[in-house]
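Participant: fold the stuff below for me.
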Amino acid sequence: MANPFAGEVTLVLDGQPQRLKLTLGALAELEATLQEDSLIAVVERFEAGRFSSRDVLALLLAGLRGGGWQGDAATLAAADIAGGPMQAAQIAARLLLLAFTPPNAAEGRDG
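Facilitator: Below you'll find the predicted structure:
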């Protein structure tokens, strides 16, 4: 379902696979939600491990919206994420990584 060469990952939400992608609009929304001044600040926040569960949800929500999902933050917060919080954090990290990885560098990675 997801195409890692296009920066996509899959999240299973309430038993249904969903495609996530950080489009420019989704990244802008994420910056605003996390109250960061730049994309670099968002990336540094996650790389430094200075993120909360709210940050993970915000990143997943931005990716879901970028992938075409029509839900909202409350729906995501109440949803069952396959694999639980650890899987959610791993998917969020992969989503962020793929958004800033040149397409040829993503070869061999799966979503």
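Participant: ok now the lowest-mean-pLDDT helix or strand in the chain, how far from the chain's centre?
Facilitator: None of the helices or strands of the chain scores lower by mean pLDDT, DSSP states H and E than helix 39-47, at a mean of 84. Here the centre of helix 39-47 is set off from its chain's centre by 13 Å, with Cα atoms, centre = their mean, to the nearest Å.
Participant: same check, this time on stretch 72-85
Facilitator: On Cα atoms, centre = their mean, the centre of stretch 72-85 falls 13 Å from that of its chain.
Participant: for it, buried residues please.
Facilitator: 76, 79, 81, 82 (16 or more other Cβ atoms under 10 Å). The way it works is simple: take the backbone N, C-alpha and C, and place the C-beta from them, glycine included.
Participant: buried set for the lengthiest helix in the chain?
Facilitator: Longest helix of the chain, by residue count under DSSP state H: helix 84-99. Within helix 84-99, the residues scored as buried using 16+ other Cβ under 10 Å are 88, 89, 91, 92, 93, 94, 95, 96, 97, 98, 99.
Participant: format those as a markdown table; extra columns: distance to residue 51.
Facilitator: Compiled in a markdown table, the buried residues of helix 84-99 are given as follows (distance: Cβ to Cβ, whole Å):
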| residue | distance to residue 51 |
| --- | --- |
| 88 | 12 |
| 89 | 8 |
| 91 | 13 |
| 92 | 8 |
| 93 | 9 |
| 94 | 14 |
| 95 | 13 |
| 96 | 10 |
| 97 | 14 |
| 98 | 17 |
| 99 | 15 |
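Participant: quick one, phi/psi of residue 80?
Facilitator: Note on residue 80: its backbone torsions stand at phi -90, psi 120 [degrees, to the nearest 10].
Participant: got a pLDDT number for the residue lying closest to it once chain neighbours are set aside?
Facilitator: Nearest residue to residue 80, sequence neighbours excluded (Cβ to Cβ, 6 or more residues apart in numbering): residue 14, at 5.3 Å. On pLDDT, residue 14 comes in at 97.
Participant: what do you get for residue 95?
Facilitator: pLDDT at residue 95 comes out at 92.
Participant: still on that earlier bit, for residue 2, state which of the buried residues of stretch 72-85 is nearest.
Facilitator: Taking Cβ to Cβ as the measure, residue 82 is the one of the buried residues of stretch 72-85 closest to residue 2, at 13.9 Å.
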